[in-house]
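[1] please work out how this folds:
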Amino acid sequence: MTLLIGSLQLGFLYGILGLGIYISFRILSIPDLTTEGSFSFGLAVSAAVTAAGHPVLALPAAVAAGAAAGAVTGLLQTKLLVHPILSGIITMSGLYSVNLLVLGGASNLSLVRADTVFRIIPFLDRDTAMTVLPIAAAAVCLVLLVLFFRTHLGMCIRAVGDNEAMVRASSINTDGCKVLAFMISNALIALSGGLIAQYQGYADISSGTGILVVGLASVIIGEAVFGRRSVAIGFVSAIVGSIIYRYIIALATRYSPLPAYMLKLVSALIVALALAIPAFKYYAARAKQKRGGGQDA
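    Residues are numbered from 1 along each chain as shown. The predicted structure follows:
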């Protein structure tokens, strides 16, 4: 039961990360490698502000930190014309030092003795809050994103991802749309990191390592279940995919003969298999077509 509830809680927390990845990966169609840096940035900022005695303020601070990281990546791409992948790498590399600065030069920060948002919610004990708060946070982010991407500005961002040249010809500020999208994406990623810092009771500088794989797994697995439809369904599928991914990881770590330090390899294999699903479907359809052609002959 603990495994089921814990995986559900983490599924919703990392589902917010999946929402951020979905914006850059699917809506903008740009791979954003800022993810690992912005996740750790949100984690570090949230932990530092929480340790200072402000757990609620720590979450908007994490959001602001992630938005700033996204703005740097967006400006590198749009104003300095740096390649999208390189701009993400540059920001991610710079954030490593920034995260160490936020954590006071240490590689980790404990929150064991600090009050977190999971401990101060009225009328809820800590165990109940650790389930209710992740669900509520993911639901609020989901609703706000769906509403935003139905506005004129949200539609412009979607159009930039579909056909940037056409949007630019329509006198729409495509650079501004990109920067805003990166800010929203990384703000969500940092919020996920901020909540997880308070959830697990510590922040570690290496927590963001491989986190891009986790977000991609959420998006890809969710699309394997729901298919690629509307943006709203895409956001829902990212959260559902995150929950499914957490259960897969929980089962893999519990029943796999591999040691715990092989978790990243297991995660990479899961993402690779999820990404290969369209190829499997293509080969299956092609084999079926060949069999049908042979029978007709």
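[2] all strands of the chain, in order?
    Secondary structure of the chain (DSSP state E): strands located at 108-110, 202-204.
[3] who are the packing partners of the last one?
    With contacts defined as 3 or more Cβ pairs under 8 Å, 6 or more residues apart in numbering; DSSP states H and E, the secondary structure elements packing on strand 202-204 are helix 35-51, strand 108-110. In short, each C-beta sits where N, CA and C put it, glycine included.
[4] tell me which of the strands of the chain lies nearest to Ala65.
    strand 202-204 (12.4 Å; Cβ to Cβ).
[5] got a list of contacts for that closest one?
    Here strand 202-204 makes contact (Cβ atoms under 8 Å, 6 or more residues apart in numbering) with 43-44, 46-48, 103, 107-112, 197.
[6] filter these to the buried ones?
    Leu43, Ala44, Ser46, Ala47, Ala48, Leu103, Leu109, Leu111, Ala197 (16 or more other Cβ atoms under 10 Å).
[7] who's in contact with the third one?
    What that stands for is Ser46. Here Ser46 is in contact with Ala58, Leu59, Ala61, Ala62, Gly193, Gly194, Leu195, Ala197, Gln198, Ala203 (Cβ under 8 Å, 6+ apart).
[8] of those residues, buried ones?
    Going by neighbour count (16+ other Cβ under 10 Å), these have Ala58, Leu59, Ala61, Ala62, Gly193, Gly194, Leu195, Ala197, Gln198, Ala203 buried.
[9] what sits closest to the first one if chain neighbours are left out?
    Computed as Cβ to Cβ, 6 or more residues apart in numbering, the closest residue to Ala58 that is not its neighbour in sequence is Val49, at 3.8 Å.
[10] could you check how many residues crowd around the one you found?
    24 (other Cβ atoms under 10 Å).
[11] next, the contact list for it, please.
    Val49 neighbours (Cβ under 8 Å, 6+ apart): Pro55, Leu57, Ala58, Ala61, Ala62.
[12] distance of the fourth one from Leu43?
    As for Ala61, its distance to Leu43 is 12 Å (criterion: Cβ to Cβ, to the nearest Å).
[13] got it, and Pro257?
    31 Å.
[14] swap in Ser218?
    For Ser218 relative to Leu43 (Cβ to Cβ), the value is 18 Å.
[15] returning to what we had before: quick one: which of the strands of the chain is nearest Ala67?
    Closest to Ala67 of these is strand 202-204 (Cβ to Cβ; 18.9 Å).
[16] what average pLDDT does that closest one get?
    The average pLDDT for strand 202-204 rounds to 90.
[17] about what we covered before: I'd like the helices and strands packed on strand 202-204 as JSON lines, with distance to Ala187 and mean pLDDT appended.
    Formatted as JSON lines, the helices and strands packed on strand 202-204 follow (distance: least, Cβ to Cβ, whole Å; pLDDT from 0 to 100):
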{"stretch": "helix 35-51", "distance to Ala187": "8", "mean pLDDT": "94"}
{"stretch": "strand 108-110", "distance to Ala187": "21", "mean pLDDT": "89"}
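[18] out of these, flag the one nearest Arg291.
    helix 35-51 (42.8 Å).
[19] can I get the CA coordinates of that closest one in PDB?
    C-alpha atoms of helix 35-51 as PDB (Å, rounded to 0.1, in the frame of the first residue of the first chain):
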ATOM      1  CA  THR A  35      15.300  21.100 -17.700                       C
ATOM      2  CA  GLU A  36      18.000  19.600 -15.500                       C
ATOM      3  CA  GLY A  37      19.300  23.000 -14.400                       C
ATOM      4  CA  SER A  38      15.900  24.600 -13.900                       C
ATOM      5  CA  PHE A  39      14.600  21.600 -11.900                       C
ATOM      6  CA  SER A  40      17.600  21.800  -9.600                       C
ATOM      7  CA  PHE A  41      17.200  25.600  -9.400                       C
ATOM      8  CA  GLY A  42      13.700  25.300  -8.200                       C
ATOM      9  CA  LEU A  43      14.700  22.500  -5.800                       C
ATOM     10  CA  ALA A  44      17.500  24.600  -4.400                       C
ATOM     11  CA  VAL A  45      15.600  27.900  -4.100                       C
ATOM     12  CA  SER A  46      12.600  26.100  -2.500                       C
ATOM     13  CA  ALA A  47      14.900  24.400   0.000                       C
ATOM     14  CA  ALA A  48      16.800  27.600   0.900                       C
ATOM     15  CA  VAL A  49      13.600  29.700   1.400                       C
ATOM     16  CA  THR A  50      11.900  26.800   3.400                       C
ATOM     17  CA  ALA A  51      15.000  26.500   5.600                       C
END
